[in-house]
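S.K.: Below are the sequence and a predicted model for it; my questions follow.
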Amino acid sequence: MLGALTSRQELILYKVVEGYLQSGQPIPSKTIAADPMLDCGSSTVRNELALLEEHGLLAHPHTSAGRVPTDAGQRYVVDRMLDGAHSVGPSKPLSLSLVRREVEEAMRATSEAISQVTSLLAVVSAPSLNTATIRHVEVLALQPQVVMIVVITSTGGVSKMISTFEQTVDQGLVSWAGEYLNERLVGFGLGARMLDKRLEDPSLGMAESDFLARLAPAFGTLVTEAQDTLYVDGAAHLLSEGRLRDVDQINQLMGLLERRAALLSVLRVAVTQSDVYVRIGHENELPAMRSLALVAAGYGVARRKLGAVSVIGPVHMDYAGAIATVREAARELSRFVEHAYAER
């Protein structure tokens, strides 16, 4: 079992974690040695880095490269944050306007606020949900004859469908379809018949109509299920910023969003915890999350937790900000639901 680190070793570990979080690159020993907070020379820093690597807290990707934190190194830093030994505070304030809103709107506002503050995927499990609406549609040409459509709902539901065509698809048609579908469907409910009518337009040419017909089945999988209790926000933001650099990470995240039952099972565990629940990389039992990290906290009324607020993102995330943000969001939602449930 790993013993306690010295204060110098902890400081060096924090510097590697913070430096890697900011740059995404291995941190060389000379960068750490130049820090005025360290009262030692370069040789001492190199020795301490080697010891931290022996403990499994740092890794050395290449012979000439610097160090990167391992999952265990991230866990050590997170545990110190949770114990109060290392300060945790969000880099930006969390602003939630929840007073006297309906529960559904409160969940949506919370997921949006958390995503904006952390730039991570925010997931909130709610006591109950109403019918979802379409929030965004993306049509992408993966290959000359292969097109993918991604549909995101107001409650975070994600549907992804890939269609292969017999001939090369015109890029102008792909761009037009994305604009047309967003114009016609954003904010619209997910009833299958009504969606079909929204897609019908006699003024469209045969090429446009046929193309839309090939994409239409993607909406069928998003018809609201009997109990859909998740609000998700930030998927597009996380992908557009390049926070997930690995294709496997992106595919796993997309798959996780599509398998909402699996994601719900993860958050149910978080609901049972007394404090913030953190799982880093391979600490996650769900295979789809083994390359990701989860930070979550439960909320609810006295003596009963109703749901959880969480963020999901790369293993090398700002854990201090994530922990503080989900804690504050959980407190805000607890105050809101106590008030809402007292009135009903």
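M.R.: Received it, and whenever you're ready, just let me know what you need.

S.K.: Secondary structure element for the closest residue to Leu199 other than its chain neighbours, which one?
M.R.: Counting by C-beta to C-beta, 6 or more residues apart in numbering, Leu212 is the residue found nearest to Leu199 once chain neighbours are left out, at 5.6 Å. Glycine gets a C-beta too; all of them are placed from N, C-alpha and C. Taking DSSP states H and E as the definition, Leu212 sits inside helix 206-215.

S.K.: Give me the buried stretch members for the helix or strand just after that helix, please.
M.R.: Proceeding C-terminally, helix 206-215 gives way to helix 217-220 as the next helix or strand, assigned by DSSP H and E. Neighbour counts over helix 217-220 (16 or more other C-beta atoms under 10 Å) mark Ala218, Phe219 as buried.

S.K.: the helices in the stretch 1-150 of the chain, which residues?
M.R.: 7-23, 29-33, 42-54, 71-82, 103-118 (DSSP state H, counting those that start in this stretch).

S.K.: Mind giving me the packing neighbours of the last one?
M.R.: Packed against helix 103-118, as judged by 3 or more C-beta pairs under 8 Å, 6 or more residues apart in numbering; DSSP states H and E, are the following elements: strand 121-125, strand 230-233, strand 304-314, helix 319-342.

S.K.: nearest to Tyr14, of those?
M.R.: helix 319-342 (10.1 Å; C-beta to C-beta).

S.K.: Please name every helix or strand in contact with the closest one.
M.R.: For helix 319-342, the packing partners by 3+ C-beta pairs under 8 Å, 6+ apart come out as helix 71-82, helix 103-118, strand 292-301, strand 304-314.

S.K.: Any idea how far the longest one is from the middle of the chain?
M.R.: So the one you mean is helix 103-118. 13 Å (C-alpha atoms, centre = their mean, to the nearest Å).

S.K.: Give me the buried positions along that helix.
M.R.: For helix 103-118, a neighbour-count test (16+ other C-beta under 10 Å) marks 103-104, 106-115, 117-118 as buried.

S.K.: Centre-most residue in the chain?
M.R.: In the chain, the centroid-proximal residue (C-alpha atoms, centre = their mean) is Leu121; its distance is 2.1 Å.

S.K.: ok, that one - contacts?
M.R.: By C-beta atoms under 8 Å, 6 or more residues apart in numbering, Leu121 lies in contact with Ser115, Val232, Asp233, Gly234, Ala235, Leu238, Leu253, Val311, Ile312, Gly313.

S.K.: cutoff 7 Å now
M.R.: When contacts are counted by C-beta atoms under 7 Å, 6 or more residues apart in numbering, Leu121 touches Val232, Gly234, Ala235, Leu238, Val311, Ile312, Gly313.

S.K.: Just give me the neighbour total for the nearest residue to Glu338 once chain neighbours are set aside.
M.R.: With sequence-adjacent residues excluded and distances taken as C-beta to C-beta, 6+ apart, Glu338 is closest to Val301, at 5.0 Å. Val301 has 15 neighbouring residues, counting by other C-beta atoms under 10 Å.

S.K.: Quick check: Val301 touching Phe336?
M.R.: No. Using C-beta atoms under 7 Å, Val301 is not in contact with Phe336, being 10.3 Å away.

S.K.: Point out where the chain drops to low pLDDT.
M.R.: Along the chain, segments meeting pLDDT under 70 span 1-3, 63-65, 84-104, 127-132, 153-158, 189-196, 220-228, 237-249, 340-344.

S.K.: Got the domain ranges for it?
M.R.: Domain assignment for the chain by automatic domain parsing gives 7-69, 103-129+229-342, 134-220.

S.K.: and the ones you listed, which is most packed in?
M.R.: domain 103-129+229-342 (a mean of 20; mean count of other C-beta atoms under 10 Å).

S.K.: Figure out how far it is from the centre of its chain.
M.R.: That offset, for domain 103-129+229-342, works out to 7 Å (C-alpha atoms, centre = their mean).

S.K.: and if you look at stretch 150-169?
M.R.: That offset, for stretch 150-169, works out to 20 Å (C-alpha atoms, centre = their mean).

S.K.: what's the span of it, first residue to last?
M.R.: 17 Å (C-alpha to C-alpha, to the nearest Å).

S.K.: Residues in contact with that stretch: which ones?
M.R.: By C-beta under 7 Å, 6+ apart, the residues outside stretch 150-169 that reach it are 108, 111, 129, 132-138, 141, 144-149, 190, 214-215, 217-219, 221-222, 228, 230-233, 235, 254, 257-258.
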